[in-house]
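Visitor: Mind looking at a prediction? Sequence and model below.
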Amino acid sequence: MIKHILVAIDGSDSSRKAARFAHDLAQQTNSRITLLFVLEPPRVLPFGFMDAEIISGPQRTPEQMEAVRRMLDEVAADLPKAQVEKVVEIGRPADTIVAQADALGADHIVIGARGLNPGSKWLLGSVSDRVVQHAGRPVTVVH
């Protein structure tokens, strides 16, 4: 029985479709929904011959964090407010989605398919593929 649905949101059209799908599923099963947005952490890279490092990757400004919150509010606006929680975490997306599903006791994960080109998917894998393989619970991938 489904009581709690975790929806991975990244702002893409497919993640918004996933939220709509999760909303319909939640209405049928009287479940609550958690919208999860995962921010990738900056990467620390070794630099040169010394024990120096540089930080690469996204640095989060307060404006960017506010944009994430607004986007989650926008997605949540279409869902029953009493049943929706919004969470922002920092980590590798697939690992964080699976870990949050465990931590929150989610019965089901809904995630959008981003449609990576075949070469990128082969080299990097996709977040949805990794979640499906490691979730330990039902996962719906919405195209």
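Guide: Structure's in. What do you need?

Visitor: who's in contact with the closest residue to residue 8 other than its chain neighbours?
Guide: Nearest non-adjacent residue to residue 8, counting by C-beta to C-beta, 6 or more residues apart in numbering: residue 111, 4.3 Å away. (Glycine included, C-beta is placed from N, CA and C.) Taking C-beta atoms under 8 Å, 6 or more residues apart in numbering as the criterion, residue 111 is in contact with 7-8, 15, 18, 97, 127-128, 131, 139-142.

Visitor: at 6 Å what do you get?
Guide: 8, 18, 128, 131, 141 (C-beta atoms under 6 Å, 6 or more residues apart in numbering).

Visitor: show me the biggest helix of the chain in terms of residues.
Guide: The single longest helix within the chain, with elements called by DSSP state H, is helix 13-29.

Visitor: mind checking how far that helix is from the chain centre?
Guide: 14 Å (C-alpha atoms, centre = their mean, to the nearest Å).

Visitor: Do me a favour and average the pLDDT over it.
Guide: Regarding helix 13-29, the rounded mean pLDDT is 93.

Visitor: Kindly report the same for stretch 66-85.
Guide: On average, the pLDDT along stretch 66-85 is 86.

Visitor: who touches it?
Guide: Counting contacts by C-beta under 6 Å, 6+ apart, the residues touching stretch 66-85 from outside are 9, 11, 19, 23, 32-35, 37, 86, 88.

Visitor: Can I get that stretch in CSV, CA atoms only?
Guide: Included here for stretch 66-85 are C-alpha records, laid out as CSV according to Å, rounded to 0.1, in the frame of the first residue of the first chain:
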residue,chain,number,x,y,z
GLU,A,66,15.4,31.4,-3.6
ALA,A,67,14.8,30.4,-7.2
VAL,A,68,14.8,26.7,-6.2
ARG,A,69,12.3,27.5,-3.4
ARG,A,70,10.1,29.4,-5.8
MET,A,71,10.2,26.5,-8.3
LEU,A,72,9.2,24.0,-5.6
ASP,A,73,6.4,26.3,-4.5
GLU,A,74,5.2,26.6,-8.1
VAL,A,75,5.2,22.8,-8.5
ALA,A,76,3.5,22.3,-5.1
ALA,A,77,0.8,24.9,-6.0
ASP,A,78,-0.9,22.3,-8.2
LEU,A,79,-0.9,19.7,-5.4
PRO,A,80,-3.0,19.3,-2.3
LYS,A,81,-1.2,21.6,0.2
ALA,A,82,-2.0,19.5,3.3
GLN,A,83,-0.3,16.5,1.7
VAL,A,84,2.9,18.1,0.3
GLU,A,85,6.3,18.6,1.9
